[in-house]
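Visitor: Fold the following.
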Amino acid sequence: MRLYSLSVLYKGDPKVHLLKAAYDISTFNFFQRSSVQEFMTFTSQLIVERSALGSRASVKEQEYLCHVYVRNDGLAGVVVADTEYPQRVCFTLLDKVLDEFSRQVSKIDWPSGSPATISYAALDGYLSKYQVRPPWD
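Guide: Residues are numbered from 1 along each chain as shown. The predicted model follows:
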């Protein structure tokens, strides 16, 4: 059971943009890592774009399960995990991250924000904390 990415996005008008993201792509071959990260970012944006405000969904994409939560205020979170990772835990994580993000980052910054301009450092910690490693790892 693994988490590969945790992203916070803003579903604005006309398009969705990434505010902050964390990735754990250490299990991939060194030469695949950048394309895997690009795939996860693109897929996260696409899923948020196609999701309605106030909705939650789990979407299978290749060998991954993407869990998305789009709040009514346009703030959205996406977790990319393997198919064995519990769905309930992913949505609990998304609730926690989006609540904390909305308290720490002003709503005024969401429409124009980017990973370079948004100051929110907790994603890597959450990704690591919620990572379930097998006992032999």
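Visitor: Tell me where the protein has strands.
Guide: 3-11, 16-23, 55-61, 64-70, 75-82 (DSSP state E).
Visitor: of these, which approaches Glu49 most closely?
Guide: strand 16-23 (4.7 Å; CB to CB). C-beta here means a position set from N, CA and C on the backbone, and glycine is covered the same way.
Visitor: Buried residues of that closest one, list them for me.
Guide: For strand 16-23, burial by neighbour count (16 or more other CB atoms under 10 Å) applies to 16-23.
Visitor: repeat for stretch 50-58
Guide: Quick answer for stretch 50-58 (16+ other CB under 10 Å): 51, 56.
Visitor: Stretch 26-39 now?
Guide: Neighbour-count burial for stretch 26-39 [16+ other CB under 10 Å]: 36-37, 39.
Visitor: And for stretch 77-89?
Guide: 77-81, 85, 89.
Visitor: need those residues in JSON lines with distance to Val48, can you?
Guide: Listed next are the buried residues of stretch 77-89 as JSON lines, based on distance: CB to CB, whole Å:
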{"residue": "Gly77", "distance to Val48": "9"}
{"residue": "Val78", "distance to Val48": "6"}
{"residue": "Val79", "distance to Val48": "12"}
{"residue": "Val80", "distance to Val48": "12"}
{"residue": "Ala81", "distance to Val48": "16"}
{"residue": "Tyr85", "distance to Val48": "19"}
{"residue": "Val89", "distance to Val48": "20"}
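Visitor: Kindly reformat the residues you listed as a markdown table containing pLDDT and distance to Asp95.
Guide: Converted to a markdown table, the buried residues of stretch 77-89 look like this (pLDDT from 0 to 100; distance: CB to CB, whole Å):
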| residue | pLDDT | distance to Asp95 |
| --- | --- | --- |
| Gly77 | 98 | 8 |
| Val78 | 98 | 13 |
| Val79 | 97 | 11 |
| Val80 | 96 | 17 |
| Ala81 | 95 | 16 |
| Tyr85 | 93 | 16 |
| Val89 | 94 | 11 |
